[in-house]
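Here is my input, please return the structure:
(chains A, B, C and D)
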There are 2 protein chains.
Amino acid sequence: MPSRVIVSRDLADLMRLLAHADRLRLIEELGQGEKTVSELAAALALPSTRISQHLALLRAHRLVAERRNGRSHFYHLTHPQLATWILDALPFVDIRNRLGEAEHIERVRALWSAQPPHHNVE
Amino acid sequence: MPSRVIVSRDLADLMRLLAHADRLRLIEELGQGEKTVSELAAALALPSTRISQHLALLRAHRLVAERRNGRSHFYHLTHPQLATWILDALPFVDIRNRLGEAEHIERVRALWSAQPPHHNVE
DNA sequence: CCCATAGATGCATAATTTTGCAGATATGCA
DNA sequence: TGCATATCTGCAAAATTATGCATCTATGGG
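The predicted model follows:
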């Protein structure tokens, strides 16, 4: 089984992991630093069970790692560059029915990188 | 519906499109230039119907575009950088049960970028 | 006009994922 | 010890995707 095929499988696995809006938001959230499950649940406005399930997936593929302290589980990206690499894909998203492309990308990038004051900025 | 959510959806759509080994190989193949459906089918050793189906998907999301000449349909990436952006993800793939990480990544990158002599290199 | 070649499409079936919910665990505190 | 908090896991139902196959379209040649 040729190596290119193998590699493409690995990459596809990674992409599949990222092919979910919640998980992407999770990763971008973690791009700003360590966070607990409940902080993430609050930030994304999702049930913490769901967050937990997503994190389990990401953890299984070593995209995030856990650090426990008391009853809180702090999560962080194992490769912090992952968050920025993802944003680098913005030029490739299909922007039909969207405003000015370049400006749009800038706006979005700013949106993500901005430390959300509390998380009412969404 | 907050914009971050929207963007993460767009990005997730993109990732979902890339979350398939065949499509990734297709994109890397096209990263080397325009190719027809049958060339791609031969290179990936897959039925051309399947190639066609994948291309239809990629086309629908404007990742590739078509140019027809006679009965051949030539495909190319609308954003050639896409191919290299994908390879930039190699450091993030889960390499448990693999050899030396850094060297491995280099080897793989070389493998992809090498113009396959005929396509028996696979 | 007829045939062969190159691709595209439609569909039903099979394979994967996602989601919600109902328990498990584990930790800190009274 | 008993209880509440924080999180994890297992599972079945619902939603998405992928695949194979049959069919259809377009182009070029004779």
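
can you give me the helices for chain A?
Assignment of helices within chain A using DSSP state H yields the ranges A:3-18, A:21-30, A:37-44, A:48-60, A:81-87, A:101-113.

which stretch among these comes nearest residue B:23?
In terms of CB to CB, the element of the helices of chain A nearest to residue B:23 is helix A:3-18, at 7.9 Å. Yep, even glycine has a C-beta here, placed from its N, CA and C like the rest.

Roughly how far does the residue sitting nearest the centre point of chain A sit from residue B:8?
Central residue of chain A (CA atoms, centre = their mean): residue A:27, 2.2 Å from the mean position. Going from residue A:27 to residue B:8 by CB to CB, to the nearest Å gives 9 Å.

got it, and residue A:30?
From residue A:30 to residue B:8 the distance is 13 Å (CB to CB).

quick one on the thing from earlier: highest mean neighbour count across the helices of chain A, which stretch is it?
Of the helices of chain A, the one with the most neighbours on average (mean count of other CB atoms under 10 Å in any protein chain shown) is helix A:21-30, at a mean of 23.

tell me how far it is from the chain's mean position?
The chain centroid and the centroid of helix A:21-30 are separated by 3 Å under CA atoms, centre = their mean, to the nearest Å.

tell me what that helix is packed against?
Here helix A:21-30 touches helix A:3-18, helix A:37-44, helix A:48-60, strand A:72-77, helix A:81-87, helix B:3-18, going by 3 or more CB pairs under 8 Å, 6 or more residues apart in numbering or on different chains; DSSP states H and E.

any idea of the angle that helix forms with helix A:48-60?
Here helix A:21-30 points in a direction 80 degrees away from that of helix A:48-60 (axes from the mean of the first three to the mean of the last three CA atoms, to 10 degrees).

Helix A:21-30 close to DNA strand C?
Yes. Judged by CB under 7 Å from any atom of the strand, helix A:21-30 and DNA strand C are in contact via residue A:22.

Residue A:66 and chain B, how far apart?
Using CB to the nearest CB, to the nearest Å, residue A:66 is found at 16 Å from chain B.

That residue and residue A:77 touch, don't they?
No. Applying CB atoms under 8 Å as the test, residue A:66 and residue A:77 come out as separate, 11.6 Å apart.

Same drill for those two, tell me which one is more crowded.
residue A:77 (22 against 13; other CB atoms under 10 Å in any protein chain shown).

I'd like the helices and strands packed on helix A:21-30 as JSON lines, with distance to DNA strand D and mean pLDDT appended.
What follows is the helices and strands packed on helix A:21-30, written out as JSON lines (distance: least, CB to the nearest atom of the strand, whole Å; pLDDT from 0 to 100):
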{"stretch": "helix A:3-18", "distance to DNA strand D": "8", "mean pLDDT": "92"}
{"stretch": "helix A:37-44", "distance to DNA strand D": "3", "mean pLDDT": "97"}
{"stretch": "helix A:48-60", "distance to DNA strand D": "3", "mean pLDDT": "97"}
{"stretch": "strand A:72-77", "distance to DNA strand D": "4", "mean pLDDT": "98"}
{"stretch": "helix A:81-87", "distance to DNA strand D": "18", "mean pLDDT": "97"}
{"stretch": "helix B:3-18", "distance to DNA strand D": "5", "mean pLDDT": "92"}
